[in-house]
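J.: take a look and give me a structure for this.
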Amino acid sequence: MTHTIAVREGWIELRYTGVVDYAARMAALDDMASAVNDSGVRRILANYTQATLGDAGDSAGRQDYLSKAIAAASLEEADVALIGLPPDHARAAELAGVVRNMRVKHFGDEAPALAWLLSSE
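T.: Here you go, the predicted structure:
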């Protein structure tokens, strides 16, 4: 498995490990939707610091993933802090957030990401 999800106090951690392609990210999105629905928590830290992104040239996979992320009803109005993503991937996620009325922001480290994520309490 290329991801783990843990419901913390007031936030959810999605941690990716190993080589993560778009199919793995779509599977993680399904698991995240279940965690959000079950917990009611809409503050998410997506941590890519232990992952290597695979399928960099897979534009069809990227479009499918972004479409799925945008359409995910459980993520509407979520706050999502990203760490460890390349800038072009972070920009795409931030744009998807605008479309779905989500606050999405990319950070270099976990501490400021969590501070931002939990500041909306």
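J.: contact partners of the longest helix belonging to the chain?
T.: The longest helix of the chain (DSSP state H) is helix 22-39. Applying Cβ atoms under 8 Å, 6 or more residues apart in numbering, the external contacts of helix 22-39 come out as 2-3, 5, 7, 12, 14, 16, 41-42, 44, 55, 58, 61-62, 64-65, 68-69, 72, 74-75, 78. Placement of C-beta: from N, CA and C, glycine included.
J.: what's the following helix or strand after it?
T.: With elements assigned by DSSP states H and E, the helix or strand that comes after helix 22-39 is strand 43-53.
J.: packing partners for that following strand?
T.: In terms of contacts (3 or more Cβ pairs under 8 Å, 6 or more residues apart in numbering; DSSP states H and E), strand 43-53 is packed against strand 12-20, strand 79-83, helix 110-118.
J.: so which residue is dead centre in the protein?
T.: For the chain, the residue sitting closest to the mean C-alpha position, by Cα atoms, centre = their mean, is residue 46 at 4.3 Å.
J.: that residue pairs with what?
T.: Bridge pairing for residue 46 (DSSP bridges) gives the partners residue 14, residue 82.
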